[in-house]
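Peer 1: Pasted the sequence and its predicted model underneath.
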Protein chains: 2
Amino acid sequence: MNIGIASERSGLPAKTIRYYEDIGLLKPDRGDNGYRDYSTSDVHRLRFVQRARGLGFSVAECRQLLSLYDDTGRESADVKTIASAKLVEIDRKIAELKGLRDVLSHLVAHCHGDHRPDCPIIDELAGALPGS
Amino acid sequence: MNIGIASERSGLPAKTIRYYEDIGLLKPDRGDNGYRDYSTSDVHRLRFVQRARGLGFSVAECRQLLSLYDDTGRESADVKTIASAKLVEIDRKIAELKGLRDVLSHLVAHCHGDHRPDCPIIDELAGALPGS
DNA sequence: ATGAGGCTTCCTGTTTTAGGAAGGTTTGTG
DNA sequence: CACAAACCTTCCTAAAACAGGAAGCCTCAT
């Protein structure tokens, strides 16, 4: 399929998809006319990256995640090591998002009209040190 | 406090903190020597941004989030509108992270040795279209 | 067969930083 | 007091991750 369709289906702009090819994240086939030709598997990879990027993973981290996704010999220790590190990070991100969620909903529900330094919910939340 | 301490306490490099000042995210006091002087409230703001950035929010979005955080008249409809939009987005991100978590843990636990296109878990997960 | 729309490459610009030079300030130590 | 180490300042440059747009080829419907 052409890049326009791949763009629609992955949620990524065509520009970004070409950029990802430039930096070696994926190498679609080329048709006789020189057009890029994406498989559904390519689209899956792109969608995967689209999500991970939106969740604060760098392109380098996405490359790692893709390498797990691609690895055909998944029993290797390397793969497991990387994957469990990513799992820890994901859990941390989930916890932070829940924290952020709490700040916002409490701001809306309980702090209207208050002045900034007086709100105990914020102070508590701002108090948790982030991980790496 | 000096920028070095603020950097330690917020988890952000001093360079990044100065950049955030450049683009108007916060305006610390200045001492007689010209050094920036950060309050604990400044550090809270910085930590807030540090988290939000790591979770895939753009600096522009962080600016919005900070404006909620700062707003002293929180009963305004505008603020509530923005906040609830952010809440929806955060919930979406939490759901996506959980999805990503599932992919990874299943990859590690159940798919070792499989070839990519044969794994039904991935196919299923890659099948969910992301929101905006 | 022609015009609209999609694709190509290439070049430039923006955002969000990181790195480093050149120089002033502060602090601890002899 | 002197001096060095460790901090701070501004400014300039570069990298990462894109976005915008020009110039030109390809395709498809009318």
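Peer 2: Happy to help now that I have it. Numbering: from 1, shown residues only, chains lettered A, B, ... in the order given.
Peer 1: Contacts only, for the residue in chain A positioned nearest to DNA strand C.
Peer 2: Each residue of chain A has a distance to DNA strand C, by Cβ to the nearest atom of the strand, and the smallest belongs to A:Gly4, at 2.8 Å. Glycine gets a C-beta too; all of them are placed from N, C-alpha and C. For A:Gly4, the residues meeting the contact criterion (Cβ atoms under 8 Å, 6 or more residues apart in numbering or on different chains) are A:Ala14.
Peer 1: tell me the pLDDT at it?
Peer 2: Among the per-residue scores, A:Gly4 holds a pLDDT of 96.
Peer 1: can you tell me if the helix or strand containing it touches DNA strand D.
Peer 2: Counting by DSSP states H and E, the element that carries A:Gly4 is helix A:3-10. No - looking at helix A:3-10 against DNA strand D by Cβ under 7 Å from any atom of the strand, there are no contacts, and the closest approach is 10.0 Å.
Peer 1: Let me see the mean pLDDT of the lengthiest helix in chain A.
Peer 2: Here the longest helix in chain A is taken by residue count, with DSSP state H as the criterion, and it is helix A:77-110. For helix A:77-110, the mean per-residue pLDDT is 84.
Peer 1: Please name every helix or strand in contact with it.
Peer 2: Helices and strands touching helix A:77-110, as assessed by 3 or more Cβ pairs under 8 Å, 6 or more residues apart in numbering or on different chains; DSSP states H and E, comprise helix A:59-70, helix A:120-126, helix B:40-54, helix B:59-70, helix B:77-110.
Peer 1: The nearest residue to A:Leu97 once chain neighbours are set aside - how many residues pack around it?
Peer 2: The shortest distance from A:Leu97 to any residue other than its chain neighbours is 5.0 Å, reached at B:Ile94 (Cβ to Cβ, 6 or more residues apart in numbering or on different chains). Using other Cβ atoms under 10 Å in any protein chain shown, B:Ile94 has 20 other residues around it.
Peer 1: So which residue is smack in the middle of chain A?
Peer 2: Against the mean C-alpha coordinate of chain A, by Cα atoms, centre = their mean, the closest residue is A:Ala52 at 1.3 Å.
Peer 1: buried set for the helix holding A:Gly4?
Peer 2: If you call a residue buried by 16 or more other Cβ atoms under 10 Å in any protein chain shown, then helix A:3-10 has these buried ones: A:3, A:6-7, A:9-10.
Peer 1: just stretch A:16-32 next, same as before
Peer 2: Neighbour count says stretch A:16-32 has A:16-17, A:20, A:25-26, A:28 buried, by 16+ other Cβ under 10 Å.
Peer 1: now those in TSV, with pLDDT, secondary structure and distance to B:Tyr69?
Peer 2: What follows is the buried residues of stretch A:16-32, written out as TSV (pLDDT from 0 to 100; DSSP: H, G, I helix; E, B strand; the rest coil; distance: Cβ to Cβ, whole Å):
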residue	pLDDT	secondary structure	distance to B:Tyr69
A:Thr16	97	helix	31
A:Ile17	97	helix	35
A:Tyr20	97	helix	34
A:Leu25	94	coil	35
A:Leu26	94	coil	39
A:Pro28	96	coil	43
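Peer 1: Return the closest of the residues you listed with respect to A:Lys80.
Peer 2: A:Leu25 (22.5 Å; Cβ to Cβ).
Peer 1: Wait, that closest one touches A:Val49, no?
Peer 2: Yes - because the distance of 6.7 Å satisfies Cβ atoms under 8 Å, A:Leu25 is recorded as touching A:Val49.
Peer 1: which neighbours do those two share?
Peer 2: Where contact means Cβ under 8 Å, 6+ apart, the residues bridging A:Leu25 and A:Val49 through contact with each are A:59, A:62, A:66.
Peer 1: Who wins on neighbours among the residues you listed?
Peer 2: Across these, neighbour numbers were computed from other Cβ under 10 Å; A:Cys62 holds the maximum, 21 neighbours.
Peer 1: Could you check how far it is from A:Asp70?
Peer 2: In this structure, A:Cys62 lies at 12 Å from A:Asp70, with Cβ to Cβ, to the nearest Å as the measure.
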